[in-house]
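**Q** One predicted model, sequence on top.
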Amino acid sequence: MLWSASGPVAASQGRSTARPPAASPLDYLLPRAARFYGEVIGRGEQSEHARWVAGYILSRDVEEITAREIGRAYRDLREQPDEIRRVMATLEAYAWVESIDPGCGKPVAKWRVNPMARTLFSARAAEERVRREAARQEIQKAVEMARRKKAY
């Protein structure tokens, strides 16, 4: 028995129309992650927020992330827990994170990062760390220049 995207296929239909089922979680996650990063991220304000959070996750190589951490690191989402949850729901839909239920009917405020996402985008993570460090240095340089001007 062979498999196609729509299910089992009789061997008489030929191998060109059939494919084996996904052999590993990577086979399942890669297309979803690529679609997330290529198609979904980059459309609208919430997508920009999701792109920023995904980049933050990659640059920090974290295993878990909290709404508090996101709010402290990203000014646009500071003190906006509902928006943070919407952004994280987008990341969760594309298997980047999994919410950690706090119980007692409390809203989700913590997510476990999918290690496969970190593995798949390790090259992007390195680029993101370099880009963020360069931005941090530029900000630091601007602050120092402003202090020098103020001292005169």
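**A** Yep, it's here. Numbers count the residues shown, from 1 in each chain.

**Q** neighbours around the nearest residue to residue 110 once chain neighbours are set aside, how many?
**A** Using C-beta to C-beta, 6 or more residues apart in numbering and skipping residues adjacent in sequence, the residue nearest residue 110 is residue 100, 4.5 Å away. The way it works is simple: take the backbone N, C-alpha and C, and place the C-beta from them, glycine included. When neighbours are defined as other C-beta atoms under 10 Å, residue 100 has 14 of them.

**Q** same check, this time on residue 136
**A** Look at residue 136: counted by other C-beta under 10 Å, it has 10 neighbours.

**Q** what helices or strands is the helix or strand hosting it leaning on?
**A** Here residue 136 sits within helix 122-151, counting by DSSP states H and E. Secondary-structure packing of helix 122-151 (3 or more C-beta pairs under 8 Å, 6 or more residues apart in numbering; DSSP states H and E): helix 44-60.

**Q** Show me which positions of the helix or strand that the helix it packs on is followed by end up buried.
**A** Downstream of helix 44-60, the first helix or strand assigned by DSSP H and E is strand 64-66. By neighbour count with 16 or more other C-beta atoms under 10 Å, strand 64-66 contains the buried residues residue 65.

**Q** now swap in stretch 55-70 and tell me
**A** Those would be 55-60, 65, 67, 69-70, for stretch 55-70 by 16+ other C-beta under 10 Å.

**Q** swap in stretch 71-81?
**A** For stretch 71-81, a neighbour-count test (16+ other C-beta under 10 Å) marks 71, 74, 77, 80 as buried.

**Q** quick one: the residue at minimal distance from the centre of the chain from residue 137, how far?
**A** For the chain, residue 54 is the residue whose C-alpha lies nearest the centre (C-alpha atoms, centre = their mean; 3.1 Å). Separation of residue 54 from residue 137 (C-beta to C-beta, to the nearest Å) stands at 22 Å.

**Q** re the thing from before, surely the residue nearest to the centre of the chain is in contact with residue 92?
**A** No: counting by C-beta atoms under 8 Å, residue 54 does not reach residue 92; the two are 11.7 Å apart.
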